[in-house]
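> What follows is a predicted structure for the sequence shown.
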Amino acid sequence: TDLADMLVRRLNLPFRTAHSIVGRAVQKGGLDLSTLDSASVEITGEALRTRGLTVAEVDEALDVETAIASRKATGGPSPVAVKSAIKEQQMMLEKEREDLERINETYSGAVSALIRDARGMAGE
């Protein structure tokens with residue numbers, strides 16, 4: 001998907017065409033520039049290299065770290081998004097702990113009052 005998206009952005013290819021080229025390259029067994037060129041010639045009649053695509057651009061589009069880092073939306077896997085999600089969850093956990101502490105104090109007070117009242121009724 002990242003590779004096809006790069007073809008759309010960089011070469012102004014239609015979305016479906018870019019995905020068809022990448023899909024055909026996968027069927028051919030490779031995602032290198034030569035295989036992409038071959039797939040592109042079959043689909044569009046033109047090699048991507050002639051439109052200015054480089055090996056470096058293909059390699060960058062396929063780089064896992066680059067792909068992960070670019071997913072910055074909430075819930076995404078980028079380090080920035082993950083740190084933000086962890087911080088948010090830690091704050092929620094702290095609030096839950098505080099709520100639980102209050103509930104526990106209320107419960108303990110109610111149990112103590114119940115025992116005290118029961119002893120009073122029993123004449124202790």
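Great, that's in hand. Predicted, not measured: the structure shown is a model, and the values here were computed from it. Residues are numbered from 1 along each chain as shown.

> quick one, helices of the protein?
2-11, 15-28, 33-44, 55-62, 64-70, 79-122 (DSSP state H).

> As JSON lines, these with mean neighbour count and mean pLDDT would be great.
All C-beta spots, glycine's among them, are computed from the backbone N, C-alpha and C. Converted to JSON lines, the helices of the chain look like this (neighbours: other Cβ atoms under 10 Å; pLDDT from 0 to 100):
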{"stretch": "helix 2-11", "mean neighbour count": "18", "mean pLDDT": "95"}
{"stretch": "helix 15-28", "mean neighbour count": "17", "mean pLDDT": "97"}
{"stretch": "helix 33-44", "mean neighbour count": "19", "mean pLDDT": "97"}
{"stretch": "helix 55-62", "mean neighbour count": "15", "mean pLDDT": "94"}
{"stretch": "helix 64-70", "mean neighbour count": "13", "mean pLDDT": "80"}
{"stretch": "helix 79-122", "mean neighbour count": "10", "mean pLDDT": "94"}
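
> Spatially, what comes nearest to L36 if we skip its sequence neighbours?
Computed as Cβ to Cβ, 6 or more residues apart in numbering, the closest residue to L36 that is not its neighbour in sequence is A25, at 4.9 Å.

> Could you check how far that neighbour is from T74?
Separation of A25 from T74 (Cβ to Cβ, to the nearest Å): 32 Å.

> how is the chain carved up into domains?
1-62, 73-124 (automatic domain parsing).

> which residues touch the residue nearest to L36?
31, 35-36, 38-39 (Cβ atoms under 8 Å, 6 or more residues apart in numbering).

> Let me see the confidence value for the spatially most central residue of the chain.
The centroid of the chain falls nearest to G76 when counting by Cα atoms, centre = their mean (2.5 Å). Note for G76: predicted pLDDT of 75.

> For it, grab phi and psi.
Backbone torsions for G76, taken as degrees, to the nearest 10, come to phi -80, psi 170.

> can you check G75 too?
According to degrees, to the nearest 10, G75 has phi 90, psi -10.

> isn't it right next to S84, touching?
No: taking contacts as Cβ atoms under 8 Å, G75 lies outside contact range of S84: 9.7 Å.
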